[in-house]
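> Sequence and predicted structure are below.
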Amino acid sequence: MKRRYKIIAALMMSVVVLGGCGNSKDADQETTGVEITAEMAEEYVTLGDYEGIALTKYISEISQDDVEAKKEEFMEDYRVQTEVTNRAIQEGDFVSLEITETEDGQTEDYGTVEITVGEEEFDAQIDAGLVGHSTGETVTVESSYLSDEGEEKDITYTVVINNIYEVSYPEYNDAFVKENTEYNTVAELEEVFNAEVEADNEEISLDDLRESAIAAVVECSEFKELPQSLVDSAYEQVKEMYQSYADMFGMELSDMATEEDLQEAAKYSVQEQMVIISIINKENIEIDEEGFEEYKKLCMEYMEVETEEELLEYYEDGELEDEYTRQKVADAIIAKAQVTEEVSDEEDDYYEEEEDDSTEEEAEVDTDVILEDEAETETETEEN
């Protein structure tokens, strides 16, 4: 199966809504007002035999870069900012600015913006233009970018320097660790960082395995010709989703997917949802309150919110239940599968093609990776 359609299936979770999951026999799915019922799934799909189906769980080894990132995140709690008044801006300074942008006679006020000079967090030209200037100065910075049409566009930034701060951190050593944590040495603390990275990698591996499990059953199932109303409805949502990513990355829709891609992704998403409904019914999958409550707590922790009300602000009605149900479907497949583990050195190994790609398909890999990153964020939320 092509990687592209696995990715789209994961993304479609947020726009295709399961209904009636509290009773497995009433499971159905609604797509833009077109309902996929359990009876419809039974009519149009013959589930493949997933007893003993072969799946691969890719395991990422702990990288020193990931451990270092954990350390840097930890040290941010002990970051010290000292305001500087006796010198100009240097690379590495943390600065508070007021930024106004002018383009083609139109002005946009960004208000107060805080950046670390040299990190290129706003515009690299602003970073370069600030060095050597002091608090209270107004700096004019010229920049440019290529429009979607390939035309070079000029921008003028007016930047007022409010404050300059020098950033420092305490020395990271055994004494610091003992004073500020429950551990006695750097080595002990870094064992914790290693364990956290290992747990993060396990979550990613499990998320990918779940997506692969559902995709594998779709692949081995048989489908009658699908109702065009369902495919058309899914097509509109797939197209809207692709367009949103194209807008996000400053690309044209045609750069993200061909018309054939959109049609195939729409068809695949309907097939996948029918498979999910069929497995819900076959395995008598229901939402267990205890498990769902734990799932919500993990989601709250991942989304960094304190209350369930805050969590639900990120979801449409019923969407959280759907994600939990989808996870249970994947886990039901995995429980009956033959799962082998394989160490993966590169993230892309998670999504190796089973067929040889043509030159045209290889040219589309970068687009797929963009979508893959977004899909990973959503599927990671499911596990957390």
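Sure thing, it's come through.

> CA atoms only for stretch 210-227, dumped as PDB, please.
What follows is stretch 210-227 as a C-alpha-only set of coordinates in PDB (Å, rounded to 0.1, in the frame of the first residue of the first chain):
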ATOM      1  CA  ARG A 210      -1.500   0.900  15.200                       C
ATOM      2  CA  GLU A 211      -1.700   2.800  11.900                       C
ATOM      3  CA  SER A 212       0.000  -0.100  10.100                       C
ATOM      4  CA  ALA A 213      -2.400  -2.600  11.700                       C
ATOM      5  CA  ILE A 214      -5.500  -0.900  10.400                       C
ATOM      6  CA  ALA A 215      -3.900  -0.300   7.000                       C
ATOM      7  CA  ALA A 216      -2.900  -4.000   6.800                       C
ATOM      8  CA  VAL A 217      -6.500  -5.100   7.300                       C
ATOM      9  CA  VAL A 218      -7.800  -2.600   4.700                       C
ATOM     10  CA  GLU A 219      -5.300  -4.100   2.300                       C
ATOM     11  CA  CYS A 220      -6.300  -7.700   2.800                       C
ATOM     12  CA  SER A 221     -10.100  -6.900   2.800                       C
ATOM     13  CA  GLU A 222     -12.300  -7.000  -0.300                       C
ATOM     14  CA  PHE A 223     -14.700  -4.200  -1.200                       C
ATOM     15  CA  LYS A 224     -17.600  -3.900  -3.500                       C
ATOM     16  CA  GLU A 225     -17.900  -0.700  -5.600                       C
ATOM     17  CA  LEU A 226     -18.500   2.000  -3.000                       C
ATOM     18  CA  PRO A 227     -21.500   4.400  -3.000                       C
END
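
> where exactly do the strands run in the stretch 101-250 of the chain?
Per DSSP state E, counting those that start in this stretch, the stretch 101-250 of the chain carries strands over the ranges 106-116, 138-146, 152-168, 222-223.

> how about the ones you listed in TSV, adding mean pLDDT?
TSV is the format used below for the strands of the stretch 101-250 of the chain (pLDDT from 0 to 100):
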stretch	mean pLDDT
strand 106-116	93
strand 138-146	91
strand 152-168	94
strand 222-223	96
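
> So, low pLDDT: which residues of this structure?
Low-confidence segments of the chain (pLDDT under 70): 1-34, 148-149, 250, 345-384.
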